[in-house]
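>>> give the three-dimensional model of this entry:
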Amino acid sequence: MPRINGNEIKPGNVLEHDGGLWSAVKVDHVKPGKGGAFAQVELRNLRNGSKLNERFRSADKVERVRLEQKDQQFLYESDGQLHFMDQQTFDQVALPSDILGDRRPFLQDGMVVQVEYYEDEPLNATLPQKVTCEIVETEPVVKGQTAANSFKPAVLDNGVRITIPPFVGQGEKVVVNTETMEYSERA
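Model (predicted):
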């Protein structure tokens, strides 16, 4: 496994630290007036979901882990587990429902997601960057309202609230970015 300096850690990197596998959630580079610079890293344990805040100096070396990524189809959810199937081998795996966090409502039946494996252990799942949803509730379209930066609230068919441009109406399908959870374009 490659070793990287503490100041090279980026969000999304998977590190082997204190005998566990951790994903870097948030990274802040701090340059205090006194002393050397360091990276303040918020880590999430990939096996049990616990969080940890850690400081890494540029001289610190950490093991960066490469995870194998496989596209797998979402089948169903039961007993707090999401079930996925490999489309080539038809093998099924289950991951905890909270693995997707607040992006869970965007998971749709039959959707192909990227499941990350360490050796043969499934650890994480990543949704496609863009998902199509239908608007079930919003304010009516107002003619002549063309201000560039005006947005109105809307509720999607999965219950998520987002803001949309004023020209998009109820019943229309829109593309939502699952990373930022914002409106992207009309479908």
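>>> mind listing the strands the helix or strand of the chain with the lowest mean pLDDT pairs with, and their directions?
None of the helices or strands of the chain scores lower by mean pLDDT, DSSP states H and E than strand 121-126, at a mean of 85. Here strand 121-126 is paired, per DSSP bridges, with strand 112-118 (antiparallel).
>>> just the buried positions in the strand it pairs with, please.
113, 115, 116, 118 (16 or more other CB atoms under 10 Å). Yep, even glycine has a C-beta here, placed from its N, CA and C like the rest.
>>> contacting residues around the least confident helix or strand of the chain?
Here strand 121-126 makes contact (CB atoms under 8 Å, 6 or more residues apart in numbering) with 21, 23, 46-47, 67, 82, 84, 93, 95, 99-100, 113-117.
>>> with stretch 97-114 instead?
Residues outside stretch 97-114 that contact it (CB under 8 Å, 6+ apart): 49, 69-74, 76-77, 80-82, 84, 87, 124-128, 131, 133, 156, 158-160, 176, 178, 181.
>>> may I see the buried residues of that stretch?
For stretch 97-114, burial by neighbour count (16+ other CB under 10 Å) applies to 99, 100, 103, 105, 106, 107, 113.
>>> would you turn those residues into TSV with distance to residue 40, secondary structure and pLDDT?
Shown next, in TSV, are the buried residues of stretch 97-114 (distance: CB to CB, whole Å; DSSP: H, G, I helix; E, B strand; the rest coil; pLDDT from 0 to 100):
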residue	distance to residue 40	secondary structure	pLDDT
99	25	helix	79
100	25	helix	80
103	24	helix	85
105	30	helix	91
106	29	helix	92
107	31	coil	92
113	30	strand	93
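>>> which one of these sits closest to residue 172?
If you rank the buried residues of stretch 97-114 by distance to residue 172 using CB to CB, residue 106 comes first, at 17.5 Å.
>>> sorry, back to before: which one of the contacts of strand 121-126 is nearest residue 168?
residue 100 (25.6 Å).
>>> residues near the closest residue to residue 182 other than its chain neighbours, how many?
The shortest distance from residue 182 to any non-neighbouring residue, by CB to CB, 6 or more residues apart in numbering, is to residue 162 (6.3 Å). Here the count is done by other CB atoms under 10 Å, and residue 162 has 19 residues near it.
>>> my guess is residue 101 is in a strand, correct?
No - counting by DSSP: H, G, I helix; E, B strand; the rest coil, one finds residue 101 to be helix, located in no strand.
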